[in-house]
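J.: Got a sequence here, can you model it:
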Amino acid sequence: MNDIRNIYSSIPVDIPKELIQDILITDSFKIERIVSKGHSSPEGFWYDQDHNEWVILLQGGAGLLFEDAKEVFHLKPGDYMNIPAHRKHRIEWTDPNTETVWVAVMY
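T.: All right, here's what the predicted structure looks like:
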């Protein structure tokens with residue numbers, strides 16, 4: 001049975017830590033909804049993932065930094081990018097005044 005769901009529904013008022021929810025998992029990829037509000041990666045922490053990740057920012061704003069880049073990429077609604085496996089990156093900031101909603105596809 002196909003259920004209609006909404007990417008913006010069921011977002012809690014208080015988000016003490018970044019909210020990561022699986023939307024769909026198959027043998028070859030995973031889709032997640034990520035909700036942030038003023039969250040960032042811990043100091044000195046870098047994501048170093050074994051999989052590629054395609055991410056789109058749907059609401060809010062965020063700063064994404066790659067270890068091999070000197071500038072922070074400022075993402076706004078509608079911006080998306082592909083992050084190859086093992087390209088180290090971190091979230092420098094997310095909008096503290098509104099929920100930042102992402103969809104990430106890991107493949």
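
J.: would you list every one of the strands in this protein?
T.: 19-25, 30-36, 53-59, 62-66, 73-75, 80-83, 89-94, 100-106 (DSSP state E).

J.: List the contacts of residue 51.
T.: Going by C-beta atoms under 8 Å, 6 or more residues apart in numbering, residue 51 touches 85, 106, 107. Bear in mind the C-beta positions are built from the backbone N, C-alpha and C, glycine included.

J.: okay, the residue nearest to the last one when sequence neighbours are not counted: pLDDT?
T.: Pointing back at residue 107 there. Using C-beta to C-beta, 6 or more residues apart in numbering and skipping residues adjacent in sequence, the residue nearest residue 107 is residue 29, 4.2 Å away. We have a pLDDT of 97 for residue 29.

J.: Who are the contact partners of residue 29?
T.: 105, 106, 107.

J.: Now the phi/psi pair for it, please.
T.: Here is the backbone geometry of residue 29 (degrees, to the nearest 10): phi -160, psi 170.
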